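Novice: Any chance you can model this:
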Amino acid sequence: MEKIREKFAFGYLFNYMPLIRELVQRDLKVKYRRSFLGYLWSLLNPLMMMCIMSYIFSEIFQSTIPNFPLYLICGQTLWAFFSESTSMAMHSVVQSGALIKKVYIPKFIFPVSRVLSSFVTMSFSLLAILIVMLFTRATVYWTILLFWVPLAFLFVFSCGMGLVLSALSTYFRDITHLYGVLTLAWMYMTPIFYDPAILPETVRGTLQWNPIYHFITFFRELILFGQIPAGHVWAICIGSSAAMLLVGMLVFKKLQRNFILYI
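Specialist: The predicted model follows:
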């Protein structure tokens, strides 16, 4: 009976929303426990990082990107969410082993709740983007109302990636170390603090295979330039997020049956 429930658990995600909400609240409380500023760090951290990196790349490396602080914080906010959410999701099943062994809970809830808690944290960071826009006197376009679209695509993509990582790391703990190296390389191959135009033509072509690049480009088009992204950007974002979620669900379903033996 439990195998049948595991098989169709993904179809009843909303039935477990109260539990997911409790897990998200727990993650947020743990993250800011004994912190004097608490949730303010979700606002202060991206602002301080933006100030440091803006000085380095604007003054020292002489970046010519218009309104570089806003360009930087847009990319930095989305990348920070992706990196944090997938890293947290990767450890979620192993860290919840004691609970999984005691009661029946659909195991996919744990990585999904970690991604969702990171998404809530990122929502506070969006205020930092507004502050930078005001400080730099950036033009506010009506397209800012669509800011949630690329964030939704990135959330779905991160859920899929989190499902894959949490399943694989349960069997192979070395994945946690390899992923740290992968995210470092991935970050430098994503135009967060540089203009992709400076890359050699051969390297620039590889960006088309980087889904995070397209999510960030989508977001910047809306915020910085007041433009609706081209159709191919929409297609890539929708396709990559849907494909990643599907792969994540299939991998997780395939591997979850023996989790109990490895946690």
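Novice: What's the local residue count around Pro106?
Specialist: When neighbours are counted by other Cβ atoms under 10 Å, Pro106 registers 19. (C-beta placed from N, C-alpha, C; glycine too.)
Novice: And it, how close does it get to Leu245?
Specialist: According to Cβ to Cβ, to the nearest Å, Pro106 stands 16 Å off from Leu245.
Novice: which parts of stretch 246-260 are buried?
Specialist: 248-249, 251-253, 255-256, 259 (16 or more other Cβ atoms under 10 Å).
Novice: All the helices of the stretch 1-150 of the chain, residue numbers only.
Specialist: Remark: helices assigned in the stretch 1-150 of the chain by DSSP state H, counting those that start in this stretch are 2-7, 17-31, 41-55, 68-95, 97-102, 109-135, 148-171.
Novice: tell me how far the longest one is from the chain's mean position?
Specialist: Translated: helix 68-95. 4 Å (Cα atoms, centre = their mean, to the nearest Å).
Novice: helices and strands around that helix, which ones?
Specialist: helix 41-55, helix 109-135, helix 148-171, helix 175-188, helix 211-223 (3 or more Cβ pairs under 8 Å, 6 or more residues apart in numbering; DSSP states H and E).
Novice: pLDDT averaged over it, what's the number?
Specialist: Predicted confidence along helix 68-95 averages 90 (mean pLDDT).
Novice: For that helix, buried residues please.
Specialist: Of the residues in helix 68-95, those buried (16+ other Cβ under 10 Å) are 68-94.
Novice: can you check the fifth one too?
Specialist: Taking 16+ other Cβ under 10 Å as the neighbour-count basis, helix 97-102 is seen to contain the buried residues Ile100.
Novice: what sits up against that helix?
Specialist: 93, 105, 107, 259-260, 263 (Cβ atoms under 8 Å, 6 or more residues apart in numbering).
Novice: Give me the residue ranges of this structure where confidence is low.
Specialist: 1-14, 31-44, 46-47, 50, 53-63 (pLDDT under 70).
Novice: From the centroid of it, which residue is nearest?
Specialist: Phe82 (2.0 Å; Cα atoms, centre = their mean).
Novice: tell me the contacts of that residue?
Specialist: 154, 157-158, 161, 212.
Novice: please redo it, this time with the cut-off set to 7 Å
Specialist: 154, 158, 212 (Cβ atoms under 7 Å, 6 or more residues apart in numbering).
Novice: pretty sure the last one is touching Thr190, no?
Specialist: So the one you mean is Ile212. Yes: the pair Ile212 / Thr190 is scored as a contact, 5.2 Å apart, by Cβ atoms under 7 Å.
Novice: between those two, what contacts are shared?
Specialist: Trp79.
Novice: Name the nearest residue to Tyr262, sequence neighbours excluded.
Specialist: Among residues not flanking Tyr262 along the chain, Thr170 sits closest, at 5.2 Å (Cβ to Cβ, 6 or more residues apart in numbering).
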